[in-house]
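[1] Structure of the sequence below:
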Amino acid sequence: MTIHPTTRSVPLTALAAAVTAVALLAGAGCSVMRDQQTVGTYVDDSVLTTRVKAKLADNSVVSSLALSVETFKGVVQLTGVAKTVEERQTAERLAREVSGVVGVRNDIRVSG
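    Numbers count the residues shown, from 1 in each chain. So this is what the prediction gives:
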């Protein structure tokens, strides 16, 4: 049985394309795509976010369910709606007290 060269080239081309696609995806998966943040930094930021959320949840002045916390390269961003200026300020203070936090961006709005 003789295999015609053009018949064989189609599956090889498809295979080459698939291998290239997998290699590109695997290479991209080695780093977190969030503004070129490394995996280690992303994990550190996730830990900081969790610590800040826990500290907010333990406080009686702050309604942690109404607030969101995100961290990027050690800078914590607080968003959401607070009932009072005191709640907004307390949330910022608590976030700054967490070890490892480099800075706090307080974008919490006060309702009313």
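[2] any idea how this protein splits into domains?
    Domain ranges of the chain: 1-30, 32-110, per automatic domain parsing.
[3] lowest-confidence stretch among those domains?
    Set side by side, the domains of the chain give their lowest mean pLDDT on domain 1-30, at a mean of 51.
[4] All the strands of this structure, residue numbers only.
    According to DSSP state E, the chain carries its strands in the segments 67-72, 75-82, 103-110.
[5] now these in CSV, with distance to Ala54 and mean neighbour count?
    Quick note: C-beta positions are derived from backbone N, CA and C, even for glycine. As requested, these are exported to CSV (distance: least, CB to CB, whole Å; neighbours: other CB atoms under 10 Å):
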stretch, distance to Ala54, mean neighbour count
strand 67-72, 10, 19
strand 75-82, 13, 18
strand 103-110, 16, 15
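[6] Just send those back as a markdown table, with distance to Asp45 too.
    A markdown table is the format used below for these (distance: least, CB to CB, whole Å):
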| stretch | distance to Asp45 |
| --- | --- |
| strand 67-72 | 4 |
| strand 75-82 | 9 |
| strand 103-110 | 13 |
